[in-house]
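*Asks:* The sequence isn't on hand, but the structure is:
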């Protein structure tokens, strides 16, 4: 398959060049996934998918466009690419649009990132059988349904295997392959008029090392039961503890403001902040593309640039932006990479429960509900649900409350970082603690 | 809708030849899908072409096109689903996918496909040329005009970016009960983003217009209005503040405020959640849930609107469905599985993102009908509160009933008068409670023309929403200056 994808990408480069393109980037992909769902007393859904696709980015007479298709019939593909080159000629020249310079391809690491679980590939000899998968999700379901107040529980398992190849007219060639497996449950319980729901899904690129179905289902049920009696409390200014699974929802938002595109388009509250303090000294963020089995791990980025490990924020001080070649040229900046791979934090000494034990009065955020942030000004306002923290103990569930502020202020209020990141997320956020945060409720 | 033409059965024939299939091939694939004992099967053929163009810093800086095609094959056994798709439309590939989907069932093939009869339907979005027939050169001036007008509208405007997107979808739907129908679905959207700088302060905002219109709809008046709104809504942010935090009366301005209905009630009335008992509305059918003057409707029958649909993605005719009528909970939104479960006719609400997904009950155009009050009466009735005008996004928890929507632009109301502008604030409420708190509804309903997209179970579909001006007596406003 790898050779087939590479050959198809090379062919597309040649077709586009023959049609008159000056430079071409071609990428091809293949993916297969299997999905099983169980609800209440039986199988809910079985789905199997296989996809193929091809994309070309074309540089023609100083003009640029990109095109994709899943119709890979050789004759039609040839016509598609030819028409795409013609379309590009109808555009305006853009002096900043050029193919990635070949020197940025250099220095690609020769590392094994261990992104493929041989048990999850399409031809795996020891792949889980259909019966084993159904047994797995039934056990997940049963654990999540193990209480009188449960109205309905649904469990599922999904695994996938994908391969991609990238070839350019200026000498780049690369392939990436990865597998993944995800499984979990959702359940809904009766609680007066309300029917609070909760979920627990876990996963990774490999199957080994993950919790079993009973543990995952039981955690789902525990979360749902913890929502019983949820209510809105009075507006207050207090300590905010953010659960590791919810950290990306609030901190992940600043990454949009760290791109060269948002700075060049004047839509970033973090413009002109390089070398300056944008957060408290507890905030150190690293873009690490080389974590074995990491969900965001890679050796080259979307433009073919060889990946490097970079410190983004060091003890609160901004070290670098995400600079792609296009906006780098517009700003006159050296390209770095267009976006983050895996993001890791510098850890503190404690996990979530240890941290909470030291909080006399606060609110634990377990999930966000809607809300948004304005990358130009840093203003944000998010809905949340979670629990009160009283004298170091997680207390009653709260809902229908908002957290509102500005990132410039919020990042300085980060007082503690835990040591308990979510391992299967590319955004490896541990527990975070922010002091004196405004919550609005009653 | 009387200003629409009809797609006659011959248009279904044209779609069959587009996909290179005839009744015999379709029957073969359906029979294979039913071969393990499924009691129903359907095939959803899709071919979509889309194009997008971007203008930034005064030049057309990017363009892209894509082609996506395939057939989704679904087999049902009661409410159990087997699903597979093939991007390859050759008979062997389709038969392979049919066998995969068939595996949900474990038995012999007792159900046989019925004879297929091509069926036409109303045409709510007939356009003279499909988007795949409109060249890029015809589209560029739309972006260039928008950019020039936005740039000229205010000297503080520093950056303008304009993006265009269009899609032309060809759909052919066939099922084992003899349904054979299809649809041509155009869609387009023009988006203008503006950044303005005053001294050391920078603000940005945007506005967009969307629908199933032809290129002729994007005339000079539409474009001027788009550019003007984008600039006006950016400039007002220099004066805007966050409102106070806590519970406040919230007036919802006519138009995009339908986002409240979409989140607070629409999703909770999708029948899959109720069939499973997971919606907060699961036991409220027939109950009085709001004042007499509250009627909430979901209807795909609005010509050229983004949420319009001639047939749903299961081949069912689309309808107007009253979710709440005169304050009483009336009907869920059904797909085939839920309609069968409840023993009712489908409401034409089975939708999917593409051939890669099985359909779910979804909204189309969701709005509240006009009420007995006027906008002025509503504003005058508020001693201290806010009026919400434009929005970026919303969300709901189906079972707990908590919903949110994010206000981008709005105003404070003080002593019955609209006073200072507000910005960037999240609103949170609880569905059934918010319905009970709708205390006034005006007579100025309008559907919003913005390009709304609804996400559910990882599937995105285009929708519309609308609202007359109305008053919710109390919602939690995520303001800033609380104690």
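*Replies:* Here it is on my side, so go on. Bear in mind that the values here come from a model prediction, so they are computed numbers and not experimental data. Numbering: from 1, shown residues only, chains lettered A, B, ... in the order given.

*Asks:* For whichever strand or helix holds residue B:186, name the packing helices and strands.
*Replies:* Using DSSP states H and E, residue B:186 sits in strand B:179-198. Taking 3 or more CB pairs under 8 Å, 6 or more residues apart in numbering or on different chains; DSSP states H and E as the contact definition, the neighbouring helices and strands of strand B:179-198 are strand B:5-7, helix B:9-18, strand B:117-118, helix B:136-153, strand B:157-175, strand B:201-211, helix B:220-235. In short, each C-beta sits where N, CA and C put it, glycine included.

*Asks:* Please report how far residue A:94 lies from chain B.
*Replies:* Taking CB to the nearest CB, to the nearest Å as the measure, residue A:94 falls 5 Å from chain B.

*Asks:* Chain neighbours aside, what residue packs nearest to that residue?
*Replies:* Distances taken as CB to CB, 6 or more residues apart in numbering or on different chains place residue B:61 nearest to residue A:94, at 5.0 Å, with adjacent residues excluded.

*Asks:* what's around the one you found, how many residues?
*Replies:* The burial count assigned to residue B:61 is 20, neighbours taken as other CB atoms under 10 Å in any protein chain shown.

*Asks:* show me where the stretch 251-400 of chain B has strands.
*Replies:* B:296-299, B:320-325, B:328-329, B:350-351, B:360-361, B:365-368, B:384-396 (DSSP state E, counting those that start in this stretch).

*Asks:* These: which one's closest to residue A:56?
*Replies:* Counting by CB to CB, residue A:56 lies closest to strand B:350-351 out of the strands of the stretch 251-400 of chain B; the figure is 31.5 Å.

*Asks:* which strands and helices sit next to that closest one?
*Replies:* strand B:360-361.

*Asks:* list the helices and strands the strand it packs on packs on?
*Replies:* helix B:271-275, strand B:350-351.

*Asks:* Least confident of those, on average?
*Replies:* Of all the helices and strands packed on strand B:360-361, mean pLDDT reaches its minimum on helix B:271-275 (a mean of 90).

*Asks:* What lies in contact with that helix?
*Replies:* With contact meaning CB atoms under 8 Å, 6 or more residues apart in numbering or on different chains, helix B:271-275 is reached by B:79, B:267, B:279, B:281-282, B:332-335, B:337-339, B:341-342, B:349, B:360-361, B:398-399.

*Asks:* Residue B:178: neighbouring residues, count only.
*Replies:* Applying other CB under 10 Å, we find 12 residues neighbouring residue B:178.

*Asks:* what's the answer for residue A:106, then?
*Replies:* Residues within reach of residue A:106, counting by other CB under 10 Å, total 9.

*Asks:* what's near enough to touch it?
*Replies:* By CB under 8 Å, 6+ apart, the residues touching residue A:106 are residue A:306.

*Asks:* Would you quantify the distance from it to residue A:305?
*Replies:* Residue A:106 sits 10 Å away from residue A:305, going by CB to CB, to the nearest Å.

*Asks:* about what we covered before: quick one: strands adjacent to the strand holding residue B:186?
*Replies:* With DSSP bridges as the test, strand B:179-198 is paired with strand B:117-118 (parallel), strand B:157-175 (antiparallel), strand B:201-211 (antiparallel).

*Asks:* Next to chain A, which bits of the stretch 301-450 of chain B? Give me the list.
*Replies:* Contacts of the stretch 301-450 of chain B with chain A, taken as CB under 8 Å from any CB of the partner chain, map to B:356, B:358, B:392-395, B:397-406, B:423-430, B:432.

*Asks:* again, 10 Å this time
*Replies:* Residues of the stretch 301-450 of chain B found near chain A (CB under 10 Å from any CB of the partner chain) are B:356-358, B:391-408, B:423-433.

*Asks:* Confirm that residue A:355 sits in a helix.
*Replies:* Yes. Under DSSP: H, G, I helix; E, B strand; the rest coil, residue A:355 sits within a helix.

*Asks:* Counting neighbours, what do you get for it?
*Replies:* The burial count for residue A:355: 25, using other CB under 10 Å.

*Asks:* surely it meets residue A:394?
*Replies:* No. Judged on CB atoms under 10 Å, residue A:355 makes no contact with residue A:394 at a distance of 11.3 Å.

*Asks:* Indicate the residue of the stretch 101-250 of chain A located nearest to chain B.
*Replies:* residue A:195 (3.5 Å; CB to the nearest CB).

*Asks:* so who does that residue touch?
*Replies:* If a contact means CB atoms under 10 Å, 6 or more residues apart in numbering or on different chains, then residue A:195 has A:149, A:151-152, A:188-189, A:224, A:227, B:273, B:277-283, B:397-401 as its contacts.

*Asks:* So what does the residue of the stretch 251-400 of chain A found nearest chain B look like in phi/psi?
*Replies:* Here the stretch 251-400 of chain A gets closest to chain B at one residue, residue A:370, 3.1 Å apart by CB to the nearest CB. Residue A:370 adopts backbone torsions of phi 60, psi -160, taken as degrees, to the nearest 10.

*Asks:* Would you mind measuring from residue B:100 to residue B:83?
*Replies:* Distance of residue B:100 to residue B:83, given as CB to CB: 8 Å.

*Asks:* how about the strands of the stretch 51-200 of chain A, start to end?
*Replies:* According to DSSP E, counting those that start in this stretch, the strands that the stretch 51-200 of chain A contains are A:63-69, A:150-168, A:173-189, A:197-204.
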